[in-house]
Each structure stands twice: as structure tokens, then as C-alpha cells.
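1. The following block contains a protein sequence and its predicted model.
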Amino acid sequence: MTADYIKSVITTVADYPKPGIQFRDVTSLMQDSKAFGTCIDMLAEHYRHHQFDKIAGTEARGFIFGAPLAKALGCGFIPIRKFNKLPRPVLRQSYQLEYGEDVLEIHKDAVHSGEKILLLDDLLATGGTMLATIALVRQLGGLVEHAAFVVNLPDLGGADKLTEQGITCHALCEFEGD
Ligand SMILES: O=P(O)(O)OC[C@H]1O[C@H](OP(=O)(O)OP(=O)(O)O)[C@H](O)[C@@H]1O
Ligand SMILES: Nc1ncnc2[nH]cnc12
């Protein structure tokens with residue numbers, strides 16, 4: 001199975017959630033047992049020779065891809081959640097994205113100083129979500145050098161912003177200029 005197949009099972013929804021946005025909906029990929037499993041296998045293969053202590057996945061779809069990848073790589077999993085969803089003491093970071101703004105939180109005891117953390121989300125657009133996630137993990141002393149995605153939207157510039165932060169990005173497919 002190739003990146004082209006993964007791309008072909010992602011549905012594009014025009015004007016969602018706001019006029020002018022081409023929403024790349026990965027739920028159609030998740031429904032395809034072959035494509036979903038292959039995404040996890042491809043990501044696991046890519047990071048096979050790396051050593052991570054934990055994967056940090058961002059709510060909501062970062063949980064769906066991040067948890068099975070953590071199992072495959074033998075790592076722990078950290079849920080980075082939206083505002084007021086975590087029950088114990090948190091760090092909080094607000095951020096902008098393609099169609100609005102939001103707040104992310106992490107449990108203060110989720111990362112121990114010096115731990116190597118792989119960041120994971122379904123999609124990279126402006127990079128706002130991932131930059132907020134990086135800020136949270138780094139404030140707790142986590143070492144962050146890699147971020148993985150199923151989809152990158154290069155026109156929105158997120159990958160460039162992550163590169164400026166010293167992050168190497170890996171995405172299984174891209175939607176460009178359409
Ligand atoms: O690179 P960015 O511009 O920050 O955009 C990427 C984020 O946008 C989507 O989530 P969304 O904020 O729609 O939240 P949801 O997962 O709760 O639906 C996607 O799952 C990423 O997390
Ligand atoms: N165009 C898009 N499609 C899906 N998720 C997104 N998050 C930010 N922009 C997005």
C-alpha cells in the first residue's frame with residue numbers, strides 16, 4: 001500500500017467548518033481497516049530505529065493514531081487535551097489554527113525531565129496545534145526533535161515553523177494546491 005492509497009481514502013469536505021476551508025477528513029481513512037492499520041505500520045517502521053520514552057498525541061484524532069503507534073513502538077502515551085478535560089494539575093497553552101483558536105493542556109507529571117517525546121497528530125496545517133504541544137512538553141523538560149502526521153498541508157506553512165523549532169517532521173501524505 002502506498003501514500004497515494006492513504007491519500008485516496010481521505011475525504012475532502014469543502015467549506016467546513018468555515019467557508020473557504022478544504023477540510024481533510026481522516027475519519028474515512030480510519031473506517032478502512034486496511035488503510036488504518038497500514039498507517040500505523042508505516043509510522044512504526046519509520047521510527048523503528050529511534051528510542052522514544054513516550055508519544056504525545058493531541059486531541060482528538062492524535063489519540064486515535066497515537067495510541068496504537070505507542071503500542072507498536074513500546075512507548076507510553078500522553079494525551080494532550082483541550083481545555084478543562086484533565087483532572088489533575090496541568091500546564092496550559094493557547095494557540096491559533098486555520099479556523100479559530102483553542103487551548104491545550106498537559107498533566108504536569110506526564111513528562112519527566114530528559115525524556116524523549118515523539119509528537120503525533122493526524123494533520124499538520126498552520127502548525128499552531130503542534131507548536132503549542134511542543135511548548136507544553138518542553139516546559140516540562142521533555143526532549144522533542146520529531147513530529148509525525150498522517151497528513152501535511154504544506155501550503156499552510158506548519159512544517160516550516162516546526163523546522164525553525166528544531167523539529168524534524170514526517171507525514172505519510174500531503175495535499176498541496178487543491
Ligand atoms: O496545524 P494546525 O493549523 O494547528 O491544525 C491542525 C489541527 O487541526 C485539527 O484539529 P482541530 O483543531 O480541528 O480539533 P479536533 O481534533 O478537536 O477536531 C487537526 O486534528 C490538528 O490537531
Ligand atoms: N484543512 C484542514 N483539514 C482538516 N483539519 C484541519 N486542521 C486545520 N486545518 C485543517
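-> Looks like it arrived, so ask away. Ligands and ions are numbered 1, 2, ... in the order given.
2. Residue 28 against residue 12, yeah?
-> No. With the criterion set as C-beta atoms under 8 Å, residue 28 and residue 12 do not qualify as a contacting pair; they are 9.8 Å apart. For glycine as for every other residue, the C-beta is placed from the backbone atoms N, C-alpha and C.
3. out of these two, which sits in the busier spot?
-> residue 28 (15 against 12; other C-beta atoms under 10 Å).
4. which one is the more buried one nearest to, not counting chain neighbours?
-> If the residues on either side of it in the chain are set aside, residue 28 comes closest to residue 11, at 4.3 Å by C-beta to C-beta, 6 or more residues apart in numbering.
5. Run through the residues that contact the one you found.
-> 24-25, 27-28 (C-beta atoms under 8 Å, 6 or more residues apart in numbering).
6. Name the member of those with the most neighbours.
-> Using other C-beta under 10 Å as the neighbour test, those are led by residue 24, with 21 neighbours.
7. Just give the nearest non-adjacent residue to the residue positioned nearest the centre of the chain, would you?
-> For the chain, the residue sitting closest to the mean C-alpha position, by C-alpha atoms, centre = their mean, is residue 121 at 1.3 Å. By the measure of C-beta to C-beta, 6+ apart, the closest residue to residue 121 outside its immediate chain neighbours is residue 62, 4.1 Å from it.
8. quick check, whichever strand or helix holds that neighbour touching ligand 2?
-> Applying DSSP states H and E as the criterion places residue 62 in helix 61-73. No. Helix 61-73 does not reach ligand 2 (C-beta under 6 Å from any ligand atom); its nearest approach is 8.4 Å.
9. The next helix or strand after that helix and ligand 2 in contact?
-> Taking DSSP H and E as the definition, the helix or strand that follows helix 61-73 towards the C-terminus is strand 76-82. No. Applying C-beta under 6 Å from any ligand atom, one finds that strand 76-82 is not in contact with ligand 2, the shortest distance being 13.7 Å.
10. Which strands or helices does strand 76-82 pack on?
-> With contacts defined as 3 or more C-beta pairs under 8 Å, 6 or more residues apart in numbering; DSSP states H and E, the secondary structure elements packing on strand 76-82 are strand 54-58, helix 61-73, strand 100-107, helix 128-139.
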